[in-house]
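[1] Here is a sequence with its predicted model. Questions after.
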Amino acid sequence: MLVLRFRDLVTQPGDTIKLHQDIIEKDGYVYWGWWSKAGEKCPSIFLDYQLELAPLTKEIFLFDSGQSKLYKAVLSELKFDNSPSGMDCPDNFACAPEYYHQQKFKAWFKLGSIIEVKESEVSNTLQKYSYDDNNHGLFLEKNTFQDFFNKKVISLDELRHQDRTIWFFKHFENGHSEHEILLYNSNAVIPTVFPNNYVKVNDSKIHWVSDLHFSEGANQHGFNNQLLNSSLYSIIEKEFKYTLNALIVSGDMTWSASKDEFDQTVKFYTDLSSNTQLDLSKICFCPGNHDLSYQGTLTGEQKEALEKLHLLQRGEKITKEGGLEGRDNLTKDEISSLQSLETTEVAKDAYEQHFVTVTSAKPNEFLSMGKKFLINNQRAVEICLLNSNRMQQYKYLFQGNGFIGEDQRSDAAHEMGWTTSKGYGALRIVVLHHNLLPVEYSNIPYIGSSPGSYVYDSQATLKWCYKHDVDVILHGHTHQRSAMKLSDFDIKNNITKSVWIVGLGSTGVHHSHIVPTHTNQLAELDFSNKHIEIQFYDIVNNEVVRSGESLKLE
């Protein structure tokens, strides 16, 4: 069974079918031109159809992807020409709608009738079929859409989400897969913070860097950009020139969030894009604490409230005027003045401009973003990048700690489309800068010491990841590599859910800021198997060196 896809692109909705039906009613048949997409060529099965059709006829389907309608048509003749220019209508457009005139197509189908399949019967009609296990040379890439081979056709949605114009069906048989695969149309990329469309990645791998720390000063960024053979760009380009297709950056692109440092970051991206398979639409990033550099000072009101808090923490009471013993709690206004959940406009300015420069979209209020990649044109990988820097940072207070917030998580789940169940075979990744768990291996506590680096609402974030079937959480910040698998047992529903948390370390910081025995590094995420595999690479003597065996996130 042959299926042709169309949309009312040059007519009013519904008129494509009506114009063809009118000619059939008048002349007994009509010619239907094949609007092939770039990368599609006449499949070899067209020759078989040509030989079978004289004098027989075949039933085919016409699928209106704009209105989600299905039609049955009777095919009596097929003419095709695989040359780039295509061919004219066989009867010189005498029996073809006017909008075809003066156009050449690679194939023309002579149809004797076109009848709509009732909406109530569409599912049952489709599910009598499975996808053929052969593309018959339709695509330039041999194995495009191979995940659909020998799988039952489930719905019009399943067809609509595939970036193709022709399908080959065969009768469904026991043993064929019966799950639904929804990929969405990956043809168009519209600049937006959370795109609905999937961006094609013509490889099974995505690369990951973190803590680049481009800087205006000395002893902060680790590579001398003035010397081409030791710039971070040249080191990465040399190793991954032919395999770098998409890039995740888990924060701290800069050292002090200056415009010059963000300009260096953009140059790094554009240099890679000029000499590899990467382009800016396939770069995703989140802010690190250095990218939103807060060195604010406490107001007089905040200092006074902080002193009162310290009194209460020592078990004393807040004294009234005149030295009299007073209350044992803070007022609502004093508590409010000590909350540290808002950033200043000045702190976000440079980052917001950087966001626009790279993505061509204005950032949202949370500075979060999302990406949807179609790996090898068939596997959906959904990446949600969260801003874990939503606290006002003061010198000597809160440094190194993060906060995400329920409002940001709820917004991200909605924008990513994660409020519905995950599609078959899809993978979900969350990226943030801060680590969700403390990283202090051991430290002696003392009064006034700052806590270990962590996200204040880490448990809420983990629960959110379990709820939305996130497979892995990626982070930077610690300048050291780590990996652990966490599980959560839902006693009420007797369900265990797991998520991997993987820390990369740094990619571009000066060696004086790296934990001893560690190096700058980057990673490669491989999606060619059922589970994600992560291969780490160390950067040693300006060379990229494979670091151990790959980590299998099973």
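    Sure thing, it's come through. Numbering: from 1, shown residues only.
[2] Tell me which residues touch Trp87, please.
    Trp isn't right for residue 87; it's Met. With contacts defined as CB atoms under 8 Å, 6 or more residues apart in numbering, Met87 is in contact with 79-81, 104-106, 108. (Glycine included, C-beta is placed from N, CA and C.)
[3] Just the buried residues of those.
    Burial by neighbour count, judged by 16 or more other CB atoms under 10 Å, picks out 79-80, 105-106, 108 from these.
[4] Give me the subset of these lying in strands.
    79-80, 108 (DSSP state E).
[5] which of these lies closest to Leu292?
    When those are compared for distance to Leu292 (CB to CB), Phe80 comes out closest, at 57.9 Å.
[6] Low-confidence ranges, the stretch 451-554 of the chain, go.
    For the stretch 451-554 of the chain, applying pLDDT under 70 flags the ranges 451-453.
[7] can I assume Leu70 is in contact with Leu156?
    Yes. Between Leu70 and Leu156 there is a contact at 6.5 Å, judged by CB atoms under 8 Å.
[8] Quickly list what's touching both of the two.
    Listed as contacting both Leu70 and Leu156 by CB under 8 Å, 6+ apart are 63, 122, 126.
[9] wait, which of those residues is closest to Lys552?
    The closest of the shared contacts of Leu70 and Leu156, once distances to Lys552 are taken by CB to CB, is Leu126, at 36.8 Å.
[10] quick one, what contacts that closest one?
    In this structure, Leu126 makes contact with 70, 153-156, judged by CB under 8 Å, 6+ apart.
[11] go on, Phe489?
    Counting by CB under 8 Å, 6+ apart, Phe489 makes contact with 495-496.
[12] And it, which helix or strand is it part of?
    strand 482-490 (DSSP states H and E).
[13] With only the CA atoms kept, save that strand in PDB.
    These are the backbone C-alpha positions of strand 482-490, laid out as PDB (Å, rounded to 0.1, in the frame of the first residue of the first chain):
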ATOM      1  CA  SER A 482      31.100  12.400  39.300                       C
ATOM      2  CA  ALA A 483      28.300  10.000  38.500                       C
ATOM      3  CA  MET A 484      25.700   8.300  40.700                       C
ATOM      4  CA  LYS A 485      22.300   6.700  40.200                       C
ATOM      5  CA  LEU A 486      19.500   7.600  42.600                       C
ATOM      6  CA  SER A 487      16.300   5.700  43.000                       C
ATOM      7  CA  ASP A 488      13.000   6.700  44.700                       C
ATOM      8  CA  PHE A 489      10.500   4.200  45.900                       C
ATOM      9  CA  ASP A 490       6.900   5.200  45.800                       C
END
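[14] And the helices in the stretch 301-450 of the chain?
    332-338, 345-359, 406-416 (DSSP state H, counting those that start in this stretch).
[15] Give the other helices and strands that the last one contacts.
    Okay, so that is helix 406-416. strand 369-375, strand 379-385, helix 458-467 (3 or more CB pairs under 8 Å, 6 or more residues apart in numbering; DSSP states H and E).
[16] In TSV, list the ones you listed along with mean neighbour count and distance to His518.
    As requested, those are exported to TSV (neighbours: other CB atoms under 10 Å; distance: least, CB to CB, whole Å):
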stretch	mean neighbour count	distance to His518
strand 369-375	23	28
strand 379-385	23	24
helix 458-467	18	23
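[17] Nearest approach to Thr299 belongs to which of those?
    Evaluated over the helices and strands packed on helix 406-416, closeness to Thr299 peaks at helix 458-467, with 28.8 Å, by CB to CB.
[18] Just the angle for the lengthiest helix in the chain relative to helix 345-359, thanks.
    The single longest helix within the chain, with elements called by DSSP state H, is helix 259-275. On the basis of axes from the mean of the first three to the mean of the last three CA atoms, to 10 degrees, helix 259-275 is oriented at 10 degrees to helix 345-359.
[19] so for helix 259-275, what's the average pLDDT?
    Averaging pLDDT along helix 259-275 gives 90.
[20] returning to what we had before: nearest to Thr265, out of the helices of the stretch 301-450 of the chain?
    Comparing those against Thr265 with CB to CB, the closest turns out to be helix 345-359 (6.8 Å).
[21] and the closest one, how far from the chain's centre?
    Put simply, helix 345-359 sits 21 Å off its chain's centre (CA atoms, centre = their mean, to the nearest Å).
[22] rewinding a little: if we only consider the contacts of Met87, which is nearest to Leu462?
    Among those, Lys106 lies closest to Leu462 (CB to CB), at 52.5 Å.
[23] surely Leu140 meets Ser36?
    No. Look at Leu140 against Ser36 with CB under 8 Å: they stay out of range, at 11.9 Å.
[24] partners of the strand holding Phe489 in the sheet?
    Strand 482-490 pairs in its sheet with strand 495-503 (antiparallel), by DSSP bridges.
[25] could you say what helices and strands the helix or strand that comes right after the strand it pairs with packs with?
    Moving toward the C-terminus from strand 495-503, the next helix or strand (DSSP H and E) is strand 521-526. Where contact means 3+ CB pairs under 8 Å, 6+ apart, strand 521-526 is packed against strand 205-209, strand 533-540.
[26] quick one on the thing from earlier: so for the longest helix of the chain, what gets flagged as buried?
    Here helix 259-275 shows 261-262, 264-265, 268-273 as buried, counting by 16+ other CB under 10 Å.
[27] Measure how that helix sits relative to strand 205-209, angle-wise.
    Using the same axes, to 10 degrees: helix 259-275 against strand 205-209 is 160 degrees.
[28] Just give me how far helix 259-275 sits from the chain centre.
    Distance of helix 259-275 from the chain centroid (CA atoms, centre = their mean) equals 21 Å.
[29] same deal with stretch 50-59?
    Distance of stretch 50-59 from its chain centroid, counting by CA atoms, centre = their mean, is 45 Å.
[30] same deal with stretch 300-316?
    Centre-to-centre, stretch 300-316 and its host chain are 45 Å apart (CA atoms, centre = their mean).
[31] quick check: mean pLDDT across that stretch?
    76.
[32] Would you mind putting the CA coordinates of it into CSV?
    Listed in CSV are the C-alpha atoms of stretch 300-316, where the atom choice follows Å, rounded to 0.1, in the frame of the first residue of the first chain:
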residue,chain,number,x,y,z
GLY,A,300,21.0,48.7,56.3
GLU,A,301,17.7,47.0,56.7
GLN,A,302,19.1,43.6,55.8
LYS,A,303,22.1,44.0,58.1
GLU,A,304,19.8,44.8,61.0
ALA,A,305,17.6,41.8,60.3
LEU,A,306,20.6,39.6,60.0
GLU,A,307,21.9,40.7,63.4
LYS,A,308,18.6,39.9,64.9
LEU,A,309,18.5,36.5,63.3
HIS,A,310,22.0,35.7,64.7
LEU,A,311,20.7,36.7,68.2
LEU,A,312,17.8,34.2,67.9
GLN,A,313,20.2,31.5,66.6
ARG,A,314,22.3,31.9,69.8
GLY,A,315,19.1,31.4,71.9
GLU,A,316,18.8,35.1,72.9
